[in-house]
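Asks: everything below, folded, please.
(2 chains)
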Amino acid sequence: MPEEDTVPEQEMFFPMGSLSLTKEQSDQVHSALGKTVNSIPLFRVTAVVPEDRYVHIFGMPDLAGIVVHYGPQPSQEQRGGQVIASVLDEMVSHPSAVFAAHTKLMAPREDVKRAPPRAAPKGS
Amino acid sequence: MREVLPAETRQAGDLLVMVKVAERCNINCSYCYMYQGVDQGWRGRPKLLEESRLDRLIERLEDYRHAYPDARMTLEIHGGEPLLMGKRRADRFLGKLRRRLSARDLVVVTQSNGVLVDNDWLDLYLAHEATLAISCDGPPVAHDRHRVDFAGHGTGSAVERAIRLCLAHPAGSRVFNGVLAVVDPNNDPRRVLRYFHELGVCNIDFLLPDANYAAPPNHICDYTHRKLLDFLCTAFDEWLVLDDPRFRVRIFETFIRGVLGRRSELDAFGGSLSPIVVVESDGSYRLLDVLAICAVDASRTGLNVMTDALEDFVHHASTRYPEMCQSCRTCSAVTACGGGYVPHRFDGLSYDNPSFYCTALFGLYHHVREFLSRSGVISSSMLHCQMSTPERRCIGAPE
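Replies: All right, here's what the predicted structure looks like:
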């Protein structure tokens, strides 16, 4: 029966194998650390957040467990919601009072002027 | 022909007059369509638009307002560098103008390189209910690639100072419109976007460098259409990550509206060109001055502010511009790109081509479209049934 553990926000390291070093690389490590190292382990690093759950897996070779991510996947995150909404609002509002057909000029915008003041620019 | 919504707001009689109050510039940008283009006619024109012609222009604008009382009218003070006309002359000109045409009758805007901007200029513009925007390609390290003075020194620090002045001015939101940035795809788009956002600029646009099949953008190191497309898509994605409704990027909004079927009135994206009057320093009325990258006198009309009414120009111009090419008319991206800027379609002989930047414009359109589909703004069924690969003739285009 799989057990569930609550995992605090952190990273989990799962060993994947090792990477052999060349003689030059080994010599550099020895010079820096005083240790003889011929290979270094590789890990798959999985970030976890409080909503994730680590589930131990028993009886499956080479698979100790899985991390179950709850919530929306990064690809499902809504980017640009506010800016898209403002563009859509502007499309249905009254036409622009300014005829600004020339791309070589940046014309005034009524909506920007109505916006609340932004943070003061960083000092010159 | 696809059924599309009409261009956003165009009304009969709408007019934009771009007046070159100064035909010279105090910096030497490597990509300038005016000073680096094949048409070097500026050399034979006066350095400044003389007062009698300015006075006549004011009369022409007033006449036009009386003829078209409901039209939207914009006066774009341009150049060269418009601030080279000097504060005294500008104050006199704007004073006369405002005694005849109120801010309600005529919107007055200026596009400056920023080098000469100071608080006196900003106060002057505020006093005459005029506004100003600055051309800046990004943080100084990016800006200084191409926007240099005549000694070859970058102008980025001075321009950043000018932008900060505008933002810090007590009436900054009323007098400063924002920034135009010309794209060099070798710059980091995220860094450029965040630079303006962190400065506090509310309104920017990315302009494609003025180039075509006969005059490609040789000022850009190792230019390819793919790099340009990557720049635009990455900048779009970064704009979404910032997700600040007070930070607007005009080209992205244009493409969002285009995906949703709303055509732009911008000249570079299919908007009507005949209501845009360029008044040169010799008083001549000309077509789009960016045509200077195409051929000598490509913009010539033979009309002049001293002898001809503004509507005479509009009627004349309506017969001069080429139609969109056939492949653009049936392309899925046309509602957003409008076939691209006319000067960008020239191949040395003809304008009957897609834009030189078609690859990037088409790619950006579909990038925006896919995002809107994933976000649920448009249904994926709309995406799949309307997506099509156009027949595109990209002559000698670096893919």
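Asks: check contacts around residue 81.
Replies: Assuming you mean chain A. Taking C-beta atoms under 8 Å, 6 or more residues apart in numbering or on different chains, we find A:Gly81 in contact with B:Asp243, B:Ser375. To be clear about C-beta, it is placed using only N, CA and C from the backbone, and glycine gets the same treatment.
Asks: to clarify, I was referring to chain B.
Replies: Taking C-beta under 8 Å, 6+ apart as the test, what B:Glu81 contacts is B:Ala22, B:Arg24, B:Cys25, B:Asn26, B:Ile27, B:Ser112, B:Asn113, B:Val115, B:Leu116.
Asks: the nearest residue to it once chain neighbours are set aside sits in which helix or strand?
Replies: Among residues not flanking B:Glu81 along the chain, B:Cys25 sits closest, at 4.5 Å (C-beta to C-beta, 6 or more residues apart in numbering or on different chains). B:Cys25 belongs to no helix or strand when assigned by DSSP states H and E.
Asks: out of the contacts of B:Glu81, which is nearest to B:Ser264?
Replies: Of all the contacts of B:Glu81, B:Ser264 sits closest to B:Ser112, with 24.2 Å by C-beta to C-beta.
Asks: can you get me a residue count around the closest residue to chain B within chain A?
Replies: Residue of chain A nearest chain B, by C-beta to the nearest C-beta: A:Gly80 (3.1 Å). Other residues near A:Gly80 come to 23 when the count uses other C-beta atoms under 10 Å in any protein chain shown.
Asks: A:Tyr54: how many residues sit nearby?
Replies: 17.
Asks: helix/strand/coil for it?
Replies: Secondary structure assignment for A:Tyr54 (DSSP: H, G, I helix; E, B strand; the rest coil): strand.
Asks: that one bridge partners, please.
Replies: Beta-bridge partners of A:Tyr54, counted by DSSP bridges, are A:Asp5, A:Val67.
Asks: residue ranges with poor pLDDT in chain A?
Replies: Judged by pLDDT under 70, chain A has its weakly predicted residues at A:1-10, A:14, A:44, A:46-51, A:69-78, A:94, A:111-124.
Asks: all helices of it, in order?
Replies: With helices called from DSSP state H, chain A shows them at A:23-33, A:81-92, A:110-114.
Asks: in the helix or strand containing B:Leu303, which residues are buried?
Replies: Element membership for B:Leu303 (DSSP H and E) is strand B:300-304. Using 16 or more other C-beta atoms under 10 Å in any protein chain shown as the test for burial, strand B:300-304 gives B:Arg300, B:Thr301, B:Leu303, B:Asn304.
Asks: now swap in stretch A:102-111 and tell me
Replies: By neighbour count on 16+ other C-beta under 10 Å, the buried set for stretch A:102-111 is A:His102, A:Thr103, A:Lys104, A:Leu105, A:Met106, A:Ala107, A:Pro108, A:Arg109, A:Asp111.
Asks: on that earlier part again, and the residue nearest to B:Glu81, how far is that from B:Gly80?
Replies: To B:Gly80, B:Cys25 is 4 Å away according to C-beta to C-beta, to the nearest Å.
Asks: so between those two, which is more surrounded?
Replies: B:Gly80 (24 against 20).
Asks: tell me how far the strand holding B:Leu303 is from the chain's mean position?
Replies: From the chain centre to the centre of strand B:300-304 is a distance of 22 Å (C-alpha atoms, centre = their mean, to the nearest Å).
Asks: stretch B:204-220 now?
Replies: Distance, centroid of stretch B:204-220 to centroid of chain: 12 Å (C-alpha atoms, centre = their mean).
Asks: same check, this time on stretch B:364-379
Replies: 26 Å.
Asks: now whichever residue of chain B sits closest to chain A, nearest residue through space, not along the chain?
Replies: Nearest residue of chain B to chain A (C-beta to the nearest C-beta) works out as B:Leu240 at 3.1 Å. With sequence-adjacent residues excluded and distances taken as C-beta to C-beta, 6+ apart, B:Leu240 is closest to A:Gly80, at 3.1 Å.
Asks: against B:Phe252, how distant is the one you found?
Replies: Counting by C-beta to C-beta, the gap from A:Gly80 to B:Phe252 is 10 Å.
Asks: shared neighbours of those two, which are they?
Replies: Joint contacts of A:Gly80 and B:Phe252 (C-beta under 8 Å, 6+ apart) are B:Trp239.
Asks: burial measure for the residue nearest to B:Ala103 when sequence neighbours are not counted, as a count.
Replies: In this structure, B:Ala103 finds its nearest non-sequential neighbour in B:Glu129, 3.9 Å apart by C-beta to C-beta, 6+ apart. Other residues near B:Glu129 come to 16 when the count uses other C-beta under 10 Å.
Asks: ok, back up a step: and the buried residues of stretch A:102-111, which two are furthest apart?
Replies: Using C-beta to C-beta, the buried residues of stretch A:102-111 reach their maximum pairwise distance at A:Lys104 and A:Asp111, which is 21.7 Å.
Asks: which residues touch B:His219?
Replies: With C-beta under 8 Å, 6+ apart, B:His219 has these contacts: B:Ser30, B:Tyr31, B:Gln36, B:His146, B:Pro209.
Asks: where do the strands sit along the stretch 151-300 of chain B?
Replies: Assigned by DSSP state E, counting those that start in this stretch, the stretch 151-300 of chain B shows strands spanning B:176-182, B:203-207, B:248-249, B:276-279, B:284-286, B:300-304.
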